[in-house]
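# what's the 3D shape of this:
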Amino acid sequence: MELIQVRVDSETKKAAATLFDALGMDLSTAIRSFLKKAIAEGGMPFELRLDEDARKAMAAVEKMRETSEANGNNEMSLDEINEEIAASRRQRKTLK
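Have a look, this model is predicted:
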């Protein structure tokens, strides 16, 4: 038998252990069951999908990427972007 190690925060581990204990199994048995079900299903044994907020966020990021490419600044480094912002702020202050 092989060993698999998984890192997870202590609250998640405790909550999962409590849940699976109530179902009559330990964490190792639950994880083995998950892996066997995934193999049987040929993928994740549950539906994965993004909620509406995540889809909107992804669309906004894509729009920003497209705008960046259209403006020719998608190749800028973070330092260049920060300098451009600083220059814009300096210019705005002199116009006041």
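
# what helix or strand is the most centrally placed residue in the chain on?
Centroid-nearest residue in the chain: residue 54, 9.9 Å away (criterion: CA atoms, centre = their mean). Residue 54 is part of helix 52-70 when elements are defined by DSSP states H and E.

# the helix or strand following that helix - what's its average pLDDT?
Next along the chain after helix 52-70, taking DSSP H and E as the criterion, comes helix 78-95. For helix 78-95, the mean pLDDT works out to 89.

# so helix 78-95 versus helix 52-70, what angle?
Computed by axes from the mean of the first three to the mean of the last three CA atoms, to 10 degrees, the angle separating helix 78-95 from helix 52-70 equals 80 degrees.

# against which helices or strands is helix 78-95 packed?
Judged by 3 or more CB pairs under 8 Å, 6 or more residues apart in numbering; DSSP states H and E, helix 78-95 has no packing partners among the helices and strands. (Glycine included, C-beta is placed from N, CA and C.)

# ok so, going back, how far away is the residue nearest to the centre of the chain from residue 48?
11 Å (CB to CB, to the nearest Å).

# and if you look at residue 8?
From residue 8 to residue 48 the distance is 18 Å (CB to CB).

# who has more neighbours out of these two?
For residue 8 versus residue 48, neighbours defined as other CB atoms under 10 Å are more numerous around residue 8 (11 against 6).

# what about that one, which helix or strand?
Counting by DSSP H and E, no helix or strand carries residue 8.

# residues touching it, list them.
Residues in contact with residue 8 (CB atoms under 8 Å, 6 or more residues apart in numbering) are residue 16.

# the same query, at a cut-off of 7 Å, please.
Contact criterion CB atoms under 7 Å, 6 or more residues apart in numbering gives no residues in contact with residue 8.
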